[in-house]
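>>> 3D model of this:
(2 chains)
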Number of protein chains: 2
Amino acid sequence: MILTVTLNTALDLTYGVPELVPHASHRVSEMSERPGGKGLNVARVLSALGHETVVTGFAGGSTGTVLRELLAGLPATDAPGTAPAPTTPAPIAPAPITDALVTVAGNTRRTIAVVDRATGDTTQLNEPGPLVTADEWTALLGRYEELLAGADAVALCGSLPPGIHVGAYAELVRAARAAGVPVLLDTSGEPLRRGIAARPDLIKPNADELAQLTGSREPMRATRDARRRGAHGVIASLGPDGMLAVTPDGIWQAAPPARVLGNPTGAGDSAVAGLLSGLVEGLSWPDRLRRAVALSTATVLSPTAGDFDRAAYEELLPRVGVEEHTPAAR
Amino acid sequence: MILTVTLNTALDLTYGVPELVPHASHRVSEMSERPGGKGLNVARVLSALGHETVVTGFAGGSTGTVLRELLAGLPATDAPGTAPAPTTPAPIAPAPITDALVTVAGNTRRTIAVVDRATGDTTQLNEPGPLVTADEWTALLGRYEELLAGADAVALCGSLPPGIHVGAYAELVRAARAAGVPVLLDTSGEPLRRGIAARPDLIKPNADELAQLTGSREPMRATRDARRRGAHGVIASLGPDGMLAVTPDGIWQAAPPARVLGNPTGAGDSAVAGLLSGLVEGLSWPDRLRRAVALSTATVLSPTAGDFDRAAYEELLPRVGVEEHTPAAR
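Residues are numbered from 1 along each chain as shown, chains lettered A, B, ... in the order given. Okay, the predicted model is just below:
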């Protein structure tokens, strides 16, 4: 089982409007609602890859209830008919997602993605999360320790809700390492800086997060700097340029066969799912990176934000280029 | 008791953002949630004026549950300490609002007002309402007939949700007239056109609604035309220019003492509350118009969209100018 932690879950609403005009009134023509927050997105992709996942974090209030109802309906989008061709390496029958969220008194936040149908561009409105109390945080820690006992890997994902101390991820990283469970940290800002110092197995920053952490926009320099700060492995996601992995076993650069156009929402979460599933399956670094790049590219190509296009994924997988840097270049 | 009918109730969310930038991501800095839809707004103002109200219409799903919980907390904003000066004509102790909404299977819509704190401008996103079934409409008709028996006046307010036939308001107007209950219709487009033909006691269109109905932007011509279509009285709200009332008893023009700047959201609903409360209290037309204009102006002045500023209302009330048109001008 793979565990994902989402401290600031969200009820993600997507509104389609013909055109977003500031200061005007808009009739929403299409609307969808789904459980969100990075760790829930990672779990959905892991499930589609055939990995059992358990999700924890916080949920509360009426929006939390709706989120959990929608979560209980997952996995629902993968029809059995979409079974993979025999050449595809990963197991693909969708696996269950178990809700182990901790109930809080506050209201789970909503996020609203307003999609302008004229241009395809998205305007995002994110509510602040609920104020989490000290008792609720203690309950989460207890739940997390229990779940670690059965986990093959854990992903710690996203922002911190109000009330949670900035060193929270560092605490969760230390607990995972003490339990011997490989831990991937995917956050930003000060929680990332503190979390790295607790020596997670992997971090997966994007170029902006890396620059914020290290002060450098030069990928190799920034990625190595991030590693020196404590992360065992740093997988930098460089958008359309693919990924740069600086690990104890070597340095690799992976890139999709061609640039693609689409909605990058959720591409990073798909990459996390690719990396973690590959780790649990014992894949080599090049194969993990191939999967992560193919999944995130197939997410950009999907018409639904945050979902990946399975046919595109399977087509892309063998075509992702992976190059090892020679030891001299390290 | 005054009855208000809101067929397309809404959970109204207001999001404050430092500045709304299309295609960017925004952290919502302030957020409020309240029960909405025009008839609910009218009820809130009637309550503040000391009039017992009953609200009916449809509510359903998780958003409907939240709406009803918030409604159960009303009236909450009027502290007893805000009792009026003895010279104020209207009774002001807040009166109860009774929830007589009909539960539907669909989800009550959300509306989102994104307030740009840099300019004060508002961008509105309105979800479509739930699909209302024929059985749910029949249940509403039964509830409405029962409530009419105890009503001194009724307001029919706002848009129709999907599934409701365009002649729905005409049907509700006829039932009110058959029950001998004065009925005010506040809607737009085809539901207004059909509703007027059923001869409501009052309609309260704004300039745009009047122009859409009659093809004229000349207030006197358009208001008289609207009256010829079947409404006994037409109270045209002309924004900062006040109101023009064409009634069986005469024609009056009422205007605030000065133009004010602010958020006009809910000003029309406050005017409806002013007109209906004045009717029930047996006020003269000039006094009803004074109250309606003072309330809507005090709503524009309120820092909270849709609420009225009570001090401003009391200060404005004696200063609203009302002019009667001479019979020759009719």
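>>> any idea of the mean pLDDT in the lengthiest helix in chain A?
Criterion DSSP state H: the longest helix present in chain A is helix A:285-301. Looking at helix A:285-301 alone, the average pLDDT works out to 96.
>>> Quick check: what element follows it along the chain?
helix A:310-316 (DSSP states H and E).
>>> Count the residues that sit near the residue in the stretch 201-330 of chain A that chain B sits nearest to.
In the stretch 201-330 of chain A, the residue that lies nearest chain B is residue A:265 (10.3 Å; Cβ to the nearest Cβ). C-beta here means a position set from N, CA and C on the backbone, and glycine is covered the same way. By the criterion of other Cβ atoms under 10 Å in any protein chain shown, residue A:265 has 21 neighbours.
>>> So it sits against residue A:307, correct?
No: contact criterion Cβ atoms under 8 Å: residue A:265 and residue A:307 do not qualify, at 9.8 Å.
>>> what do those two both touch?
Residues touching both residue A:265 and residue A:307 (Cβ atoms under 8 Å, 6 or more residues apart in numbering or on different chains): residue A:299.
>>> So for chain A, the centremost residue is which one?
The centroid of chain A falls nearest to residue A:269 when counting by Cα atoms, centre = their mean (2.5 Å).
>>> Confirm it sits in a helix?
Yes: counting by DSSP: H, G, I helix; E, B strand; the rest coil, residue A:269 falls inside a helix.
>>> Work out for me the element the closest residue to it other than its chain neighbours sits within.
Among residues not flanking residue A:269 along the chain, residue A:41 sits closest, at 3.8 Å (Cβ to Cβ, 6 or more residues apart in numbering or on different chains). Assigned by DSSP H and E, residue A:41 belongs to helix A:38-48.
>>> Which elements pack onto that helix?
strand A:2-6, strand A:53-60, strand A:97-99, strand A:153-157, helix A:267-280 (3 or more Cβ pairs under 8 Å, 6 or more residues apart in numbering or on different chains; DSSP states H and E).
>>> As a markdown table, these with distance to residue A:177 and mean pLDDT would be great.
Formatted as a markdown table, these follow (distance: least, Cβ to Cβ, whole Å; pLDDT from 0 to 100):
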| stretch | distance to residue A:177 | mean pLDDT |
| --- | --- | --- |
| strand A:2-6 | 14 | 98 |
| strand A:53-60 | 18 | 98 |
| strand A:97-99 | 23 | 97 |
| strand A:153-157 | 10 | 98 |
| helix A:267-280 | 15 | 97 |
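>>> residues from the stretch 101-250 of chain A in reach of chain B?
Taking Cβ under 8 Å from any Cβ of the partner chain as the measure of proximity, the stretch 101-250 of chain A contacts chain B at A:112, A:114, A:116, A:119, A:121-128.
>>> Around the nearest residue to residue A:36 once chain neighbours are set aside, how many other residues sit close by?
Nearest non-adjacent residue to residue A:36, counting by Cβ to Cβ, 6+ apart: residue A:12, 3.3 Å away. Neighbour count for residue A:12, taken as other Cβ under 10 Å: 25.
>>> so where's chain A uncertain?
A:76-92, A:327-330 (pLDDT under 70).
>>> Identify each of the helices in it and give its residue range.
Going by DSSP H, chain A shows helices at A:38-48, A:61-72, A:134-148, A:168-178, A:189-197, A:207-214, A:219-228, A:267-280, A:285-301, A:310-316.
>>> from memory residue A:29 sits against residue A:17, does it?
Yes: applying Cβ under 8 Å, one finds residue A:29 in contact with residue A:17, separated by 6.5 Å.
>>> neighbour-wise, which of these two wins?
residue A:17 (20 against 12).
>>> how close does that one sit to residue B:27?
Going from residue A:17 to residue B:27 by Cβ to Cβ, to the nearest Å gives 21 Å.
>>> Ok, residue A:237 next?
22 Å.
>>> hang on, the residue nearest to the centre of chain A packs against residue A:305?
No: taking contacts as Cβ under 8 Å, residue A:269 lies outside contact range of residue A:305: 10.9 Å.
>>> Find the residues that touch each one of residue A:29 and residue A:17.
By Cβ under 8 Å, 6+ apart, the residues touching both residue A:29 and residue A:17 are residue A:117.
>>> returning to that earlier point: look at residue A:237 and residue B:27 and report which has more neighbours.
Each of residue A:237 and residue B:27 has its neighbours counted (other Cβ under 10 Å); residue A:237 has more, 23 against 13.
>>> Just list the residues touching the more buried one, thanks.
A:204-207, A:243, A:267-268, A:271, A:296.
>>> For it, which residues count as its bridge partners?
residue A:206, residue A:243 (DSSP bridges).
>>> and what of residue A:126?
residue A:111, residue B:27.
>>> separation between it and residue A:102?
21 Å.
>>> Determine the number of other residues adjacent to residue A:295.
31.
>>> which residues pair with residue A:97 across the strands?
Bridge pairing for residue A:97 - DSSP bridges - gives residue A:53.
>>> how deep is it tucked in, by neighbour count?
Residue A:97 has 22 nearby residues by other Cβ under 10 Å.
>>> and it, what does it touch?
Taking Cβ under 8 Å, 6+ apart as the test, what residue A:97 contacts is A:43-44, A:47, A:53-55, A:71, A:74-75.
>>> Please identify, among those residues, the one with the most neighbours.
Busiest of the contacts of residue A:97 [other Cβ under 10 Å] is residue A:43, holding 32 neighbours.
>>> pretty sure it contacts residue A:55?
Yes: using Cβ under 8 Å, residue A:43 makes contact with residue A:55 at a distance of 4.9 Å.
>>> For burial, what's the neighbour tally of the residue lying closest to residue A:244 once chain neighbours are set aside?
Leaving out its chain neighbours, the residue that sits closest to residue A:244 by Cβ to Cβ, 6+ apart is residue A:236, at 4.5 Å. Neighbour count for residue A:236, taken as other Cβ under 10 Å: 23.
>>> repeat for residue A:229
By other Cβ under 10 Å, neighbour count at residue A:229 equals 17.
>>> cool, residue A:204 as well?
27.
>>> Ramachandran coordinates for it?
phi -130, psi 60 (degrees, to the nearest 10).
>>> now do residue A:258
Taking degrees, to the nearest 10 as the convention, residue A:258 sits at phi -150, psi 160.
>>> residues contacting it?
Residue A:258 touches nothing, counting by Cβ under 8 Å, 6+ apart.
>>> Now do it against residue A:324, distance only.
22 Å.
>>> Please apply the same query to residue A:199.
On the measure of Cβ to Cβ, residue A:199 and residue A:324 end up 25 Å apart.
>>> Same check on residue A:41?
30 Å.
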